[in-house]
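>>> next one to model:
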Amino acid sequence: MNLRDTLLASLTSLPGTRTFHVHVLLSAPRKHSGLFPYAHPRPRTYLQDLLVLLSEQLPDSPRVLVTAIEASIYSVPTTSCGVLYISKVDSSGHASAPSPTATLVRSLLTYYGDPSTRPIDVRHLWLQLFARAQSQYLFPNSAEYPGKRPLGDVQLCAWWKRIFSEVIADLNTRAGRNTIIKLYYVLPGYNELEAIQSLDAVRARRAPSIASSECQWTYGHPYSQSDIPLPCPQGSPPTLGHFIPSFDDDPKSRFLDEIAHTTDNGGVTSPKAKRRKPDSAVGRSKPDEDEDEPAREARRGELARVTAEEFWERMSFRQECISGVVTAFFSVGLSAPAPEPPREVLSPLSPQPGQIPPRMVRRIVATLLDHHEFSTTERALRATETLEEAIKGLCEDLAPVSRSERYATPEREPGPSSAMLEVPRTPPRRPGGHVADISPNPFPEPVASLETYHSYIYGSVVVSNAPLPPKAPVSGVKDGAQDTPGPPVTVLAVRKKRKAV
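Modelled structure (predicted):
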């Protein structure tokens, strides 16, 4: 079962009568050297882009986009590790209750976490996430829609922890005892007791989750454990460049750049190129062997001197983590034994059925962010129709060009617009860290067709279940004409001190 069918099957259990339409855009793998830009030697890494769009249609009503997920899938054949980084998850606020966002996210994580359905040939998988509460991410101006109620900072962190706990509980029942699972989380600026109390306070107001009690979470980072291999092979000596992965829109990446370009005198510099001198014996140049070890360490900045514990302690003072909101870093590792019999070994660059060119995914994301908005129901319906027609048109090579796209390049870099709020992004990386891989791809780029569209990209499912039962009235809160009295409250009066005449 492919990813599209798995997501649709998970939505059939939701209450209510409605039809879900899903679009799954998964790019073909390509070479990528930016996951560990400061590791020496840099491991071979392959990247895939993933975009999931879910629209909902009520009876006798047009369909409207309700949920979007943007993710990146990395594979490192050297260590047989994969990394699933959830970049953005957003809801437009136009869905009927209950929202399908949680179900869709759980299904996606379970699909990649389960070794029997995982589409990449790796034994170990790391799920990475940076949780930061924002009013909108992938649906421009959806924060202005009155029906959207985004979670607060602590609520979002607790929501993600509950989602991961439920996914791991499901994987435990499927895989059994042979699978090793490690769960880590960090709330920068909070110690372990403060983090537990903050997240438990949110969970106490909701129904208790059985999955949360079955999962053993570790407050800290996974870089000191040895049960599950890390994606990057450890160098000699290992530095932060071998531990900390670099993702887009992730504050760890910018902090790692600053550490890598910090020198002993307090200045900031770019890595220096290695000098070469002529070899008189053979008449050709060779690396400078007279360079001492301190000079080599100076080129690595402070990466070799800052430990992982110090890195996370200093992360608590970063602007992204002390701006008045609570943020969280989640890291979940899963390790399964080698399959028997072994799978057929394929090239990591070989495209699989259902995959599309990476530029097509980038074009759809740019169109969604720059040319549509979801502030009202009418605009959301128009954006849904235009975007879904564009996806089908690209598979037919007949993509419609909207009036706003005629005067703008569809693949331009996302940026602030006068009519839309700016999407939060990590500032550009410093030069010198990321080196582009210019080696050619031996496989041709996949071509999206109507067969690919109907078999792997687009699908729909009709849900016809009992409606969601009404919520029980909360003590002290009016529910219709009833008002359940709460506990008595004693109000203390403050005696004012008389001024001397």
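>>> quick one, helices of the stretch 1-150 of the chain?
For the stretch 1-150 of the chain, applying DSSP state H, counting those that start in this stretch gives helices covering 3-11, 101-113.
>>> and those, which is most packed in?
helix 101-113 (a mean of 21; mean count of other CB atoms under 10 Å). Any C-beta I mention is one placed from the backbone N, CA and C, and that applies to glycine too.
>>> other SSEs contacting that helix?
Contacting helix 101-113 under the criterion 3 or more CB pairs under 8 Å, 6 or more residues apart in numbering; DSSP states H and E are the following elements: helix 3-11, strand 45-57, strand 64-76, strand 81-91, strand 124-131, helix 153-175.
>>> now do it: distance to the chain's middle.
When distances are taken as CA atoms, centre = their mean, to the nearest Å, helix 101-113 is centred 12 Å away from the chain's centroid.
>>> stretch 356-368 now?
Taking mean C-alpha positions (CA atoms, centre = their mean), stretch 356-368 and its chain are 17 Å apart.
>>> distance to P470 and mean pLDDT for the helices of the stretch 1-150 of the chain - can I get that in JSON lines?
What follows is the helices of the stretch 1-150 of the chain, written out as JSON lines (distance: least, CB to CB, whole Å; pLDDT from 0 to 100):
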{"stretch": "helix 3-11", "distance to P470": "22", "mean pLDDT": "96"}
{"stretch": "helix 101-113", "distance to P470": "20", "mean pLDDT": "96"}
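>>> can you list those in TSV and add distance to D153?
Compiled in TSV, the helices of the stretch 1-150 of the chain are given as follows (distance: least, CB to CB, whole Å):
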stretch	distance to D153
helix 3-11	28
helix 101-113	17
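>>> picking up where we left off before, S27 is nearest to which of the helices and strands packed on helix 101-113?
Ranking the helices and strands packed on helix 101-113 by proximity to S27 (CB to CB) places strand 45-57 first, at 4.3 Å.
>>> now the angle between helix 101-113 and the closest one, please.
150 degrees (axes from the mean of the first three to the mean of the last three CA atoms, to 10 degrees).
>>> ok, and what's touching stretch 463-472?
L11, T12, S13, L14, P15, G16, T17, R18, T19, F20, A97, P98 (CB atoms under 8 Å, 6 or more residues apart in numbering).
>>> report the two of those residues separated the most.
Taking CB to CB, no two of those sit farther apart than T12 and A97, at 17.0 Å.
>>> of those two, who's got more company?
It is T12, of T12 and A97, that has more neighbours when counted by other CB atoms under 10 Å, with 13 against 10.
>>> list the contacts of that one.
Here T12 is in contact with V461, V463 (CB under 8 Å, 6+ apart).
>>> ditto for S449
C395.
>>> against L349, how distant is it?
According to CB to CB, to the nearest Å, S449 stands 21 Å off from L349.
>>> wait, P62 sits on R382?
No: contact criterion CB atoms under 8 Å: P62 and R382 do not qualify, at 9.7 Å.
>>> okay, these two: which has more neighbours?
R382 (17 against 13).
>>> residue contacts, the more buried one?
Residues near R382 by CB under 8 Å, 6+ apart: H372.
>>> where does pLDDT dip in the chain?
For the chain, applying pLDDT under 70 flags the ranges 176-177, 203-214, 236, 263-301, 339-345, 398-439, 472-487, 494, 501.
>>> ok, now how distant is E166 from S331?
For E166 relative to S331 (CB to CB), the value is 17 Å.
>>> I meant W159, not that one.
From W159 to S331 the distance is 17 Å (CB to CB).
>>> go on, P348?
23 Å.
>>> what of P231?
Counting by CB to CB, the gap from P231 to S331 is 11 Å.
>>> who touches both of these two?
Common neighbours of P231 and S331 (CB under 8 Å, 6+ apart) are W126.
>>> more neighbours, these two?
Comparing P231 with S331 by other CB under 10 Å, the one with more neighbours is P231, at 27 against 21.
>>> just list whatever residues bridge to the closest residue to K182 other than its chain neighbours.
Closest residue to K182 apart from its sequence neighbours, by CB to CB, 6 or more residues apart in numbering: G333 at 4.4 Å. Using DSSP bridges, the bridge partners assigned to G333 are W126, K182.
>>> dump the residue contacts of G333.
124-127, 180-184, 222, 225, 227-228.
>>> which among those residues end up buried?
H124, L125, W126, L127, I181, K182, L183, Y184, P222, I228 (16 or more other CB atoms under 10 Å).
>>> burial of the closest residue to V326 other than its chain neighbours, as a residue count?
Computed as CB to CB, 6+ apart, the closest residue to V326 that is not its neighbour in sequence is D153, at 4.1 Å. Under the neighbour criterion other CB under 10 Å, D153 is assigned a count of 18.
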